[in-house]
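Visitor: Generate coordinates for the sequence data below:
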Amino acid sequence: MPKINRLKGLPNTITQQFFSTTFYYSKGYMADWVFNAASEKNVSELTIDFWNNTITPNELEIKPILSQLPRLKETVHKTLKSQNFESDFIKKGFMVIKMGKTGYRYLYCKTILIDKNGIEHIGKEYTESVYEQNFKVFRTKKKYSESIKDNFKTSNESILERIKNLFR
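Guide: The predicted structure follows:
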């Protein structure tokens, strides 16, 4: 049986990979997406379970983050294989992320892997900076509906006239 010490750095590898420049989606890196989404929802701590593709609280389950999670699980499987472990040796994998102090744009992250013997492989706590400018993650329904109402108010045309003009 291979020595468990060979997996000691794997949780750190997962954290570094998730916050690296290779994990970019549309407007920002994963630190940007996590920070902006958590800030908008007033969440101070979240758990990203990359083994089951879930995020707690689930209101932060957004495509930009979820779409990256299979790559983390793949990294674990490749490492297990290269170190001669059984493919099912790791049973759980998640990251615990805490927001930095109010007014500062950084996150604290620690990755934990749990093997089939129940042993927790805990990585060190990383401090990750947020790089991109703030951007909106969630569109509020109220603002959207108000903008539609405003469009109708500013136009002198009736709805029927607008529809007719679409086909001219």
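Visitor: All the helices of this structure, in order from the start?
Guide: For the chain, the helices defined by DSSP state H cover 10-18, 30-40, 63-66, 69-82, 141-154, 159-166.
Visitor: Output those as JSON lines; include the columns mean neighbour count and distance to I55.
Guide: In short, each C-beta sits where N, CA and C put it, glycine included. Formatted as JSON lines, the helices of the chain follow (neighbours: other CB atoms under 10 Å; distance: least, CB to CB, whole Å):
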{"stretch": "helix 10-18", "mean neighbour count": "20", "distance to I55": "12"}
{"stretch": "helix 30-40", "mean neighbour count": "22", "distance to I55": "9"}
{"stretch": "helix 63-66", "mean neighbour count": "17", "distance to I55": "6"}
{"stretch": "helix 69-82", "mean neighbour count": "15", "distance to I55": "9"}
{"stretch": "helix 141-154", "mean neighbour count": "9", "distance to I55": "21"}
{"stretch": "helix 159-166", "mean neighbour count": "9", "distance to I55": "41"}
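Visitor: List just the one of those helices that sits closest to Y104.
Guide: Closest approach to Y104 among those is made by helix 30-40 (10.2 Å; CB to CB).
Visitor: Okay, angle between that closest one and helix 10-18 too, please.
Guide: 80 degrees (axes from the mean of the first three to the mean of the last three CA atoms, to 10 degrees).
Visitor: contacting residues around helix 30-40?
Guide: By CB atoms under 8 Å, 6 or more residues apart in numbering, the residues outside helix 30-40 that reach it are 18-19, 23, 25, 27-28, 43-44, 46, 48, 60, 62, 64-65, 68, 97, 99, 105-107, 128-132, 134-138.
Visitor: From these, which land in strands?
Guide: Of the positions in the contacts of helix 30-40, Y25, G28, L46, I48, I97, M99, Y106, L107, E128, S129 sit in strands, assigned by DSSP state E.
Visitor: Write the ChimeraX selection for whichever of those residues are buried.
Guide: Typed into ChimeraX, the line below selects the buried ones among these, using 16 or more other CB atoms under 10 Å:
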select :28,46,48,97,99,106,107,128
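Visitor: Find the nearest non-adjacent residue to the residue nearest the centre of the chain, please.
Guide: Per CA atoms, centre = their mean, the C-alpha nearest to the average position across the chain is that of I65, at 3.1 Å. Spatially, and ignoring its direct neighbours in sequence, I65 is nearest to W33 (5.5 Å; CB to CB, 6 or more residues apart in numbering).
Visitor: Which pLDDT value does the model give that neighbour?
Guide: The model reports W33 with a pLDDT of 94.
Visitor: give the contact list for K116.
Guide: E86, D88, F89, I90, K91.
Visitor: which of these tops the neighbour count?
Guide: Tallying neighbours with other CB atoms under 10 Å puts I90 at the head of the contacts of K116, with 21 neighbours.
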